[in-house]
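Next come a sequence and a model predicted from it.
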Amino acid sequence: MINILSYLEQTAERLPGKTAVRDPETSCTFRELEEQARRIGSALAVRCPPRSPIILLMEKSVGALQALLGVVYAGCFFVSVSPEQPDGRIAQILKVADAPAVLTDRPERLQNLPFSGTVITFAEAVEAETDKLLLEKIREEALDTDPLYCNFTSGSTGTPKGVLVCHRSVIDFIDCFPELFGITEADVIGNQAPFDFDVSVKDIWSALKTGATLVLIPKRMFSVVTELLDYLCDSGVTTLIWAVSALCLVAQFRGLTYRVPTTVNKILFSGEQMPVKYLHLWQRYLPDAHYVNLYGPTEITCNCTYYRITRPFSEEEQIPIGKPFPNERVFLLDEQDHPVTEPGKLGEICVSGTALALGYYNAPEQTNRVFVPNPLNAAFPERIYRTGDLARFNGAGELCFVGRKDFQVKYMGHRVELGEIEAALNRRPEIRSACCGYDRNRNRLVAFYDGEIEPLELKKRLYGILPTYMIPGVFRHLDRIPLTANGKIDRKQLMLTETGGGAK
């Protein structure tokens, strides 16, 4: 297989009348999805050369999925951007992507943004005539290394980084992902992630490959847990491939006491460490579901390791991140680039294999900083990605995530892993969510938390769990820990507030 659209075409041939995707307003079959995508692709292909980026400025919906696939039919790659993002963020993405066109159902959103390319409305594109000969020519000239999508993540310089991923990397991953976890055409996948977050890659392409139905869950439902659970139950969702924070949110707001989605039999989670107390809560209500911990940054196409949860965990334990996916090599390097294999020793997680992204779009220096030659192999060129994440092997030889290299700070003469402090905080039964930061200006550790315990009492309870030098000097009790658009803890916002003197 060279082009990932083959998943859609094969399934549309096999299951033409089956519902492919639905949202609260509408739905379409696999055949309709293919036909609409071909129309949109034809409208785009006469305006944009192959291998060029097209900005998809739409909230996730059935129409947005049709548009996304239309971009791919045009031989281009999509850059999904939520219209709800701030003007400044969208403007930065437009500048870096330098795309010839924007495909949108909200053209007015571009009025105050610096874009001089072609604006194509969804309504216009979806009414186009399919140009079969043009689409065939584009497909004949395509390579499996052509870009498929570019997801923008936050950059350390303040400019978003566009992670560029090709067809081959996604095909390599999706060819094994549904089979490993038993996803079939009988499944209904409840999509939590927005289309600009790579968790959605697993939802979309698993559904198109297997013939499973994709149910798009609006973002607003994660603010009203009862509505969310009604939607999951009424839709007959069987599979959740969610960010940890989304699963924790349901647990924190006691959603499962309201209604249990009894059809759910697979729960796969990633993005952050899952607090065992929240895993226990889900297991209590869905004891027969299969639970899997997934790990991996955007730069390696979704995930590079997985761990099936087949044994009980105590709340003091950490869930391992497991073993590599097929055709991926995952290993640890120390600060001298020596391999780390012994239990307990920290190393940086490094990955090699087809799943690696092409790099960062229009950012060669950033690309060359982390996509580097394998220092363990001087015999022939071998590219690896240095994740910046730290891990160690436990006594059973299982790989366990520790935290980011940039979350490791020197404090009171000791190297301190902020992730270890967070894990200790999140194990407390009184805590709903917590994270830890380092205020360099004041040389102090700061804990932020949402929970039913006073700061002084929480500090006391950490003694005996953590060394004294790892006990934060400041505890900030918040009504709610802020999250990014992708559902991860917004550490940057917390620390900006803290260093600006606004936290209470």
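Ah, there it is.

elements contacting the top helix by length along the chain?
As assigned by DSSP state H, the longest helix anywhere in the chain is helix 30-45. Packing contacts for helix 30-45, counted by 3 or more C-beta pairs under 8 Å, 6 or more residues apart in numbering; DSSP states H and E, involve helix 5-14, strand 19-22, helix 62-73, strand 101-104, helix 122-126, helix 132-140. (C-beta placed from N, C-alpha, C; glycine too.)

Contacts for the first one next, please.
Judged by C-beta atoms under 8 Å, 6 or more residues apart in numbering, the contacts made with helix 5-14 from elsewhere in the structure are 20, 30-31, 33-34, 37, 69, 72-73, 139, 174, 205, 208-211.

Just the endpoints, please. Distance across stretch 117-135?
In stretch 117-135, first residue to last residue: 23 Å (C-alpha to C-alpha, to the nearest Å).

now stretch 267-283
Distance across stretch 267-283, first residue to last, is 10 Å (C-alpha to C-alpha).

Need the helices and strands packed on helix 30-45 in JSON lines (columns: distance to R442).
Formatted as JSON lines, these follow (distance: least, C-beta to C-beta, whole Å):
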{"stretch": "helix 5-14", "distance to R442": "53"}
{"stretch": "strand 19-22", "distance to R442": "50"}
{"stretch": "helix 62-73", "distance to R442": "45"}
{"stretch": "strand 101-104", "distance to R442": "44"}
{"stretch": "helix 122-126", "distance to R442": "50"}
{"stretch": "helix 132-140", "distance to R442": "57"}
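
between these, which one is nearest to C400?
Among these, helix 5-14 comes nearest to C400, with 33.8 Å by C-beta to C-beta.

Show me the helices in the stretch 51-200 of the chain, by range?
For the stretch 51-200 of the chain, the helices defined by DSSP state H, counting those that start in this stretch occupy 62-73, 87-97, 122-126, 132-140, 167-174, 177-180, 199-210.

got the angle for the fourth one vs helix 30-45?
Put simply, helix 132-140 runs at 90 degrees to helix 30-45, going by axes from the mean of the first three to the mean of the last three C-alpha atoms, to 10 degrees.

so how far is helix 132-140 off the chain centroid?
Computed by C-alpha atoms, centre = their mean, to the nearest Å, the separation of helix 132-140 from the middle of its chain amounts to 32 Å.

which residues touch it?
N3, L5, R38, G41, S42, A45, V46, P50, Y73, A74, G75.

cutoff 7 Å now
Residues from elsewhere that reach helix 132-140, judged by C-beta atoms under 7 Å, 6 or more residues apart in numbering: N3, R38, G41, S42, A45, P50, Y73, A74, G75.

Would you format those as a markdown table with distance to N191, pLDDT and neighbour count included?
Formatted as a markdown table, the contacts of helix 132-140 follow (distance: C-beta to C-beta, whole Å; pLDDT from 0 to 100; neighbours: other C-beta atoms under 10 Å):
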| residue | distance to N191 | pLDDT | neighbour count |
| --- | --- | --- | --- |
| N3 | 23 | 98 | 21 |
| R38 | 23 | 98 | 24 |
| G41 | 22 | 98 | 27 |
| S42 | 27 | 98 | 22 |
| A45 | 27 | 98 | 22 |
| P50 | 28 | 97 | 17 |
| Y73 | 21 | 98 | 25 |
| A74 | 24 | 98 | 30 |
| G75 | 26 | 98 | 23 |
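
one step back: from the contacts of helix 5-14, which is closest to L286?
The closest of the contacts of helix 5-14 to L286 turns out to be T210 (C-beta to C-beta; 21.6 Å).

if I look at that closest one, how far off is A91?
39 Å (C-beta to C-beta, to the nearest Å).

of these two, who's got more company?
T210 (21 against 15; other C-beta atoms under 10 Å).

Pretty sure the more buried one sits against E185.
Yes. At 5.4 Å, T210 counts as touching E185 under the criterion of C-beta atoms under 7 Å.

Strands of the stretch 351-500 of the chain, start to end?
359-360, 371-373, 383-393, 399-404, 408-411, 414-417, 431-439, 444-451, 474-477 (DSSP state E, counting those that start in this stretch).

Mean pLDDT, distance to Q283 and mean neighbour count added to the ones you listed, as CSV?
Listed next are the strands of the stretch 351-500 of the chain as CSV, based on pLDDT from 0 to 100; distance: least, C-beta to C-beta, whole Å; neighbours: other C-beta atoms under 10 Å:
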stretch, mean pLDDT, distance to Q283, mean neighbour count
strand 359-360, 96, 39, 23
strand 371-373, 97, 38, 14
strand 383-393, 95, 25, 19
strand 399-404, 89, 20, 20
strand 408-411, 75, 32, 15
strand 414-417, 75, 27, 15
strand 431-439, 90, 18, 22
strand 444-451, 93, 21, 21
strand 474-477, 94, 29, 18
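
now those strands in CSV, with distance to E84?
Compiled in CSV, the strands of the stretch 351-500 of the chain are given as follows (distance: least, C-beta to C-beta, whole Å):
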stretch, distance to E84
strand 359-360, 24
strand 371-373, 31
strand 383-393, 28
strand 399-404, 27
strand 408-411, 34
strand 414-417, 34
strand 431-439, 23
strand 444-451, 24
strand 474-477, 27
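
and of the helices and strands packed on helix 30-45, who's closest to T484?
For the helices and strands packed on helix 30-45, proximity to T484 was assessed by C-beta to C-beta; helix 62-73 is nearest, at 19.9 Å.

What helices and strands are in contact with the closest one?
Applying 3 or more C-beta pairs under 7 Å, 6 or more residues apart in numbering; DSSP states H and E, we find helix 62-73 packed against helix 5-14, strand 19-22, helix 30-45, strand 53-57, strand 77-81, helix 122-126.

Report the angle between it and strand 53-57.
Using the same axes, to 10 degrees: helix 62-73 against strand 53-57 is 180 degrees.

Helix 62-73 vs helix 167-174, what angle?
Going by the same axes, to 10 degrees, helix 62-73 is angled at 130 degrees with respect to helix 167-174.

Can you tell me what sits against helix 62-73?
5, 8, 21-23, 26-28, 33, 36-38, 40-41, 44, 54, 56, 58, 77-78, 80, 103, 105, 122, 125-126, 135, 148, 195, 204.

Drop anything exposed from these.
5, 8, 21-23, 27-28, 33, 36-38, 40-41, 44, 54, 56, 58, 77-78, 80, 103, 105, 122, 125-126, 135, 148, 195, 204 (16 or more other C-beta atoms under 10 Å).

How far off centre is stretch 438-454?
Put simply, stretch 438-454 sits 26 Å off its chain's centre (C-alpha atoms, centre = their mean).

got the CA coordinates for it in CSV?
C-alpha atoms of stretch 438-454 as CSV (Å, rounded to 0.1, in the frame of the first residue of the first chain):
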residue,chain,number,x,y,z
TYR,A,438,9.9,25.1,39.2
ASP,A,439,10.0,28.8,39.8
ARG,A,440,13.6,29.6,38.8
ASN,A,441,13.4,33.3,39.8
ARG,A,442,12.6,32.4,43.4
ASN,A,443,14.4,29.0,43.3
ARG,A,444,11.4,27.0,44.6
LEU,A,445,9.2,24.1,43.8
VAL,A,446,5.5,24.9,43.3
ALA,A,447,2.7,22.4,43.5
PHE,A,448,-0.7,23.1,41.9
TYR,A,449,-3.6,21.0,42.8
ASP,A,450,-7.4,20.6,42.7
GLY,A,451,-8.7,18.6,45.7
GLU,A,452,-10.3,18.4,49.1
ILE,A,453,-7.3,19.1,51.3
GLU,A,454,-5.7,22.2,52.7
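
Cheers, nothing more for now.
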